[in-house]
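Student: kindly generate the corresponding structure for this input.
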Amino acid sequence: MNPGILEIGTLAIPTWTLVLAVGMISYLNSAAILVYAERRIAAFIQNRVGPNRVGPFGLLQPLADVLKLLLKEDVTPIHGYKVLHAVAPMIPVVTALLSVAVIPFGEGLYVTDINAAVLYLLAVASLGVYGVTLAGWSSNSKYSLLGGLRAAAQMISYELPMGMAVASVILMTGSLSMVDVAESQSMVWNVFINPLGAIIFIICAFAESNRTPFDLVEAEQELVGGFHTEYSSMKFGMFFLAEYMHVFIGSILITTFFFGSYHLPFADAWLPEMNMWLKGILDISVFSAKVVFWCFVFIWIRWTIPRFKYNQVMKLGWARLLPLSIINFMVIAAMMYFAN
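Tutor: You can find the predicted model right below:
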């Protein structure tokens, strides 16, 4: 029997396809899991109970939330632009789903490996802001429009330092392939070689997710609800889904670019030889553990640090992170030049 093939009757399924399918199903359910996790962690931080009524330990609370949204009336502003108002919530969800195509979950566990995967990721990530901006404009509401404009400004401000941080990783790897980025960290993670780039990327990932302390896009005290003020039912639910999927994607990217992806430090030196099944399970387990940790950090930061003022967010992006990311890139380039 071939260890790389799972035989079910006359059907032969490659092992990697099966493991990858399980990973994709987990990815699609990540939003529901993160909603429950956030409620529980927030309750622990605030010294209260959290969800404990719907199902055992409140585990069915995300399902109850979805049913509530499905049963709510779908209201469209009379003076809004109906087509764009309906299309806008789909864009952030689709971009989040597209991002996973080039992420390696383990050795050989990826949908596709293209030689410009990093550029693909940056391009797809930048498309998400169109959904938010169109939602704000098509609602024909001043609060929604201000939220959309803030989203565009914040996205531009933090994509630049994030791109420079990623460029420093590409410089060390010598490739734009995400598989090569992961494989280059088999012995030493990039966070130990490029700590400043890691810090800049993590801050930018928080800003790109539009969550506290960077939730100026939604700021309830100023903009009622921001770009989704005029949304209800599952249209609002799609924005809610996209937010948690972007937290999940942000955690995946932090793990892949700087924290070794599915590798353990110096693993090649002390791990014994394994068959394909055990290696795949170990890779998925290590990768998942790192992603879960960073999802926890996203939630932890949200319930710990208060919201910044808008001028502070802009100053941090343009006057602090961008110059630091450029200097960091130049230092990495100089180190690579003299090392070679």
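
Student: residue boundaries of the strands in the stretch 51-200 of the chain?
Tutor: Per DSSP state E, counting those that start in this stretch, the stretch 51-200 of the chain carries no strands over any range.

Student: low-confidence ranges in it?
Tutor: Along the stretch 51-200 of the chain, no part satisfies pLDDT under 70.

Student: who touches stretch 230-243?
Tutor: Residues outside stretch 230-243 that contact it (C-beta atoms under 8 Å, 6 or more residues apart in numbering): 31, 66, 69-70, 72-75, 77, 80, 85-86, 89-90, 92-93, 96, 128, 131, 135, 139-141, 144, 209-211, 227-228. No exception for glycine: its C-beta is placed from N, CA and C like everyone else's.

Student: so how many other residues sit close to Ile184?
Tutor: Quick fix: residue 184 is Ser, not Ile. Summarising burial for Ser184: neighbours were counted as other C-beta atoms under 10 Å, giving 21.

Student: what do you get for Asp74?
Tutor: As a burial measure, Asp74 scores 13 neighbours (other C-beta under 10 Å).

Student: and the one 10 residues further on, by the same measure?
Tutor: With neighbours defined by other C-beta under 10 Å, the count for Leu84 comes to 14.

Student: which residue, other than its chain neighbours, is closest to it?
Tutor: By the measure of C-beta to C-beta, 6 or more residues apart in numbering, the closest residue to Leu84 outside its immediate chain neighbours is Ser138, 3.8 Å from it.

Student: pretty sure the one you found is touching Gly80, no?
Tutor: Yes. The pair Ser138 and Gly80 qualifies as a contact (C-beta atoms under 8 Å) at a distance of 5.5 Å.

Student: okay, the two: which has more neighbours?
Tutor: Just comparing Ser138 and Gly80: by other C-beta under 10 Å the higher neighbour count belongs to Ser138, 24 against 18.

Student: show me what contacts that one?
Tutor: By C-beta under 8 Å, 6+ apart, the residues touching Ser138 are Gly80, Tyr81, Lys82, Leu84, His85, Ala88.

Student: need the longest helix for the chain.
Tutor: Under DSSP state H, the helix in the chain containing the largest number of residues is helix 142-173.

Student: so which elements touch that one?
Tutor: In this structure, helix 142-173 makes packing contacts with helix 117-138, helix 178-183, helix 190-193, helix 195-208, helix 220-223, helix 233-258, helix 310-315, helix 322-339, judged by 3 or more C-beta pairs under 8 Å, 6 or more residues apart in numbering; DSSP states H and E.

Student: how about a cut-off of 7 Å?
Tutor: When contacts are defined as 3 or more C-beta pairs under 7 Å, 6 or more residues apart in numbering; DSSP states H and E, helix 142-173 sits against helix 117-138, helix 178-183, helix 190-193, helix 195-208, helix 220-223, helix 322-339.

Student: distance from the chain centre to it, please.
Tutor: Between the mean C-alpha point of helix 142-173 and the mean C-alpha point of its chain there is a distance of 13 Å (C-alpha atoms, centre = their mean, to the nearest Å).

Student: now stretch 189-199
Tutor: Averaging C-alpha coordinates over stretch 189-199 and over its chain gives two centres that are 19 Å apart (C-alpha atoms, centre = their mean).

Student: run through who's touching that stretch.
Tutor: Residues outside stretch 189-199 that contact it (C-beta atoms under 7 Å, 6 or more residues apart in numbering): Ala165, Ser168, Val169, Met172, Phe257, Phe258, Phe259, Gly260, Pro265, Leu324, Asn328, Ile332.

Student: what's the span of it from first residue to last?
Tutor: Between the start and the finish of stretch 189-199 there is a gap of 14 Å, counting by C-alpha to C-alpha, to the nearest Å.

Student: rewinding a little: okay, the angle between the longest helix of the chain and helix 117-138?
Tutor: Helix 142-173 and helix 117-138 meet at an angle of 170 degrees, taking axes from the mean of the first three to the mean of the last three C-alpha atoms, to 10 degrees as the criterion.

Student: next, the buried residues of helix 142-173.
Tutor: Applying a neighbour-count criterion of 16 or more other C-beta atoms under 10 Å, one finds 143-151, 153-155, 157-170, 172-173 buried in helix 142-173.

Student: repeat that for stretch 89-98.
Tutor: Pro89, Ile91, Pro92, Val93, Val94, Thr95, Ala96, Leu97, Leu98.

Student: same check on stretch 123-132?
Tutor: Using 16+ other C-beta under 10 Å as the burial criterion, the residues of stretch 123-132 that qualify are Val124, Ala125, Gly128, Val129, Tyr130, Gly131, Val132.

Student: centre of the chain to that stretch, how far?
Tutor: Distance, stretch centre to chain centre, for stretch 123-132: 13 Å (C-alpha atoms, centre = their mean).

Student: neighbouring contacts of that stretch?
Tutor: Under C-beta under 7 Å, 6+ apart, the answer for stretch 123-132 is 88-89, 91-92, 95, 98-99, 148, 151-152, 155, 159, 217, 227.

Student: out of the residues you listed, the closest to Lys290 would be?
Tutor: Taking C-beta to C-beta as the measure, Lys290 lies nearest Ser99 of these, at 16.9 Å.

Student: what's the separation between the residue nearest to the closest one when sequence neighbours are not counted and Pro92?
Tutor: What sits nearest to Ser99 in space, not counting adjacent residues and going by C-beta to C-beta, 6+ apart, is Ile249, at 5.1 Å. In this structure, Ile249 lies at 11 Å from Pro92, with C-beta to C-beta, to the nearest Å as the measure.
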